[in-house]
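give me coordinates for this.
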Amino acid sequence: MPILTLDLEDDYALIGIHSTEEDYRMAFLLNKHLNTRLTRFKHALDFKDSTAEFPLFEYKDVKNYINYYLINNQHLQHINNPNSTVLFEDENTVTYLIPEKKNIDFFLKIEGCNDAKVIEKLVEKLNKIEQIITSYSLDPASLKSKDCAQTKALYSPNE
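A predicted model of the protein is given here:
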């Protein structure tokens, strides 16, 4: 499987989304309310040093030269404990794509449009979706973990 990377030096906008919806449902809602066509990317984001995989949805607006990527910020892994003597003593571990933003459920990365007014209108549309608790624009340069291997995978496909 090819390694996907997120080039944090590119010119793009990043929006944090808080929601309890599943990733496929969030993609459906964004498609419905934003007139996008997000589809599940053929590969999930994964890392050499981890078993965590982060689902990824993409939409390439060829007409406007804008690419949208919806990325789940967390990976829940269920671990069975075969040595346990207690029934239901399994463990769940959560891995975050961007650890310092654990409260964010999804990231919407927008390449090709970094106009603050357009992004502000997009955030307003997102906040009108009933299933979204809140959303807001993030400054990618402010991410503390932008140099760690996991954050570098926030995705920038060249396929």
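
which strands or helices does the helix or strand where residue 94 lies pack on?
Assigned by DSSP states H and E, residue 94 falls within strand 91-96. Contact here means 3 or more C-beta pairs under 8 Å, 6 or more residues apart in numbering; DSSP states H and E; on that basis strand 91-96 packs against strand 74-79. Heads up, the C-betas are built off the backbone N, CA and C, glycines and all.

coming back round to it: which strands border the helix or strand following the strand holding residue 94, and is each parallel or antiparallel?
Per DSSP H and E, strand 91-96 leads on to strand 106-111 as the next helix or strand towards the C-terminus. Sheet pairing for strand 106-111, assigned by DSSP bridges, gives strand 12-19 (antiparallel), strand 66-72 (antiparallel).

what stretches of this structure score poorly on pLDDT?
1-10, 43-52, 77-90, 145-159 (pLDDT under 70).

just the helices in it please.
Using DSSP state H, the helices found in the chain span residues 23-34, 116-127.

now tabulate those helices in JSON lines and tack on distance to residue 96 and mean neighbour count.
Putting those into JSON lines (distance: least, C-beta to C-beta, whole Å; neighbours: other C-beta atoms under 10 Å) gives the following:
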{"stretch": "helix 23-34", "distance to residue 96": "14", "mean neighbour count": "17"}
{"stretch": "helix 116-127", "distance to residue 96": "21", "mean neighbour count": "14"}
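
want to throw those into CSV with distance to residue 99?
Output for the helices of the chain, formatted as CSV (distance: least, C-beta to C-beta, whole Å):
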stretch, distance to residue 99
helix 23-34, 19
helix 116-127, 23
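
since that was my last question, I'll sign off now.
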